[in-house]
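Asker: After the sequence you'll find the predicted model.
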Amino acid sequence: MTNYRLPDLSFDYGDLQPHISARIMEVHHDKHHRAYVENANVITEKYASAVEKEDFSSISSLQRSLAFNISGHFLHSLLWNNLSPSGGGAPTGILQQTIEKDFGNFETFQKVMTQTIGQAQGSGWACLAWESETGCLKVEQILNHQDNVILGSTPLLVIDAWEHAYYLQYENRRNDYVGAIWNVINWDDVASRFEKASTDC
Ligand code: MN3
């Protein structure tokens, strides 16, 4: 059985400073993300064993745990690729044009993302996703790791709004964290995901 694996970062923990502290990055990647990966592997084995024994008494709770941990692994892997020490600025080209088509302008899109995070009750994410059926970009508010998701859309850019993503540095100032993270968004990565998603359909 193929196991889920914690990916390496393409930069050092301290490289996103001052916007995201080295300690946050270390704890976030090496503790939180690692736990989702390890849990995904453990629960995958339990699930396989339950199916083998035809013991379906806990199938629903195992599926729920798998959804939480595998989605958490997916979101964090995407997040690390969405970030770069040389990031920031604004998207260009077709991604810029499509953001302007669907949101009016880049600043309004940023406000939608910020409000999506600010209005998340408890733990959640803001996600910019491409929906191929309508040819539109959408902002989704993902709760926990997997609730409130619009199926049929492809995530391109995610911002983690769980407290562990910012509290050590920003305490309760979540909007300051969201304001700072724009300085390290890797728009080249988002643009290449957009290009792939929008030409695959
Ligand atoms: Mn997180």
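Answerer: All right, it came through fine.

Asker: can you give me how far the host helix or strand of Thr44 is from the chain middle?
Answerer: Assigning secondary structure by DSSP states H and E places Thr44 in helix 34-53. Distance of helix 34-53 from the chain centroid (C-alpha atoms, centre = their mean, to the nearest Å) equals 22 Å.

Asker: For burial, what's the neighbour tally of the residue in the chain that the ion sits nearest to?
Answerer: The minimum distance from the chain to the ion, using C-beta to the ion, falls at Asp160 (4.3 Å). C-beta: built from backbone N, CA, C; applies to glycine. Neighbours of Asp160 under the rule other C-beta atoms under 10 Å: 25.

Asker: Number the chain from 792, please
Answerer: All right, first residue 792 from here; so that's Asp951.

Asker: From what I see, it and His867 are in contact.
Answerer: Yes. In this structure, Asp951 is within contact of His867 by C-beta atoms under 8 Å, at 7.4 Å.

Asker: Which residues are in contact with each of these two?
Answerer: Contact criterion C-beta atoms under 8 Å, 6 or more residues apart in numbering; residues shared by Asp951 and His867: His819.

Asker: Counting neighbours, which bits of the helix holding Thr835 end up buried?
Answerer: Applying a neighbour-count criterion of 16 or more other C-beta atoms under 10 Å, the buried positions in helix 825-844 are 827-828, 830-832, 834-835, 838.

Asker: Good, we can wrap up now.
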